[in-house]
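K.L.:
Task: produce atomic coordinates for the following.
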Amino acid sequence: MEDENENVQLGKLIDEHTYQDKNKHIMIDNTINIDFVDKWKVIHEVKKDKTMEDASIWQIKYYLYFLKKKGIKVEKGILDYPKLRKLEEIFLEKEDEDFIENSLEEIRGILKKEYPPKQKKLPICKNCAYFEYCFV
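P.N.:
Now for the predicted structure:
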């Protein structure tokens with residue numbers, strides 16, 4: 001990510017000043033990085049706002065799926081919005097697992113192609129911390 005991006009900088013500030021009593025940034029298999037875990041029963045993902053809520057929900061669902069495939073049974077995930085003082089519980093359903101597996105298969109198909117798909121410029125792109133990966 002671009003360190004100069006103001007959203008990234010705000011996220012780092014929130015990370016540094018919230019949940020200081022938690023063991024944070026749990027990296028598993030160099031694949032997922034969970035913000036923090038409660039007794040391996042609940043995983044938490046901390047967000048500054050609800051701008052990308054749907055993507056954040058699917059991020060947690062993927063983490064739950066990934067851990068389940070590793071034999072680690074986690075009860076639920078929680079989206080934490082410290083600035084908003086809100087929490088949202090996230091659960092992994094069978095339909096979610098099917099969607100994730102189909103999505104992973106689509107990704108594998110893209111990776112096998114000689115060329116990447118054409119980029120799609122969306123309104124959210126201009127504020128994205130990964131802008132340079134797509135457009136530079």
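K.L.:
where are the low-confidence patches of the protein?
P.N.:
Along the chain, the parts satisfying pLDDT under 70 run over 1-12, 17, 20-21, 136.
K.L.:
Show me where it has its strands.
P.N.:
With strands called from DSSP state E, the chain shows them at 24-28, 32-38, 42-46, 76-81, 86-90.
K.L.:
Contacts made by the fourth one with the rest, please.
P.N.:
Identification of contacts with strand 76-81 by C-beta atoms under 8 Å, 6 or more residues apart in numbering yields 18-19, 35, 42-50, 53, 56-57, 60-61, 63-64, 87-92. Glycine gets a C-beta too; all of them are placed from N, C-alpha and C.
K.L.:
Check the first one too.
P.N.:
In this structure, residues lying in contact with strand 24-28 by C-beta under 8 Å, 6+ apart are 15, 33-37, 66-67, 70.
K.L.:
the inter-axis angle of that strand versus strand 32-38?
P.N.:
Between strand 24-28 and strand 32-38, the angle comes out at 130 degrees (axes from the mean of the first three to the mean of the last three C-alpha atoms, to 10 degrees).
K.L.:
For strand 24-28, buried residues please.
P.N.:
By 16 or more other C-beta atoms under 10 Å, the buried positions in strand 24-28 come out as 24, 26.
K.L.:
No further queries at this time; thank you.
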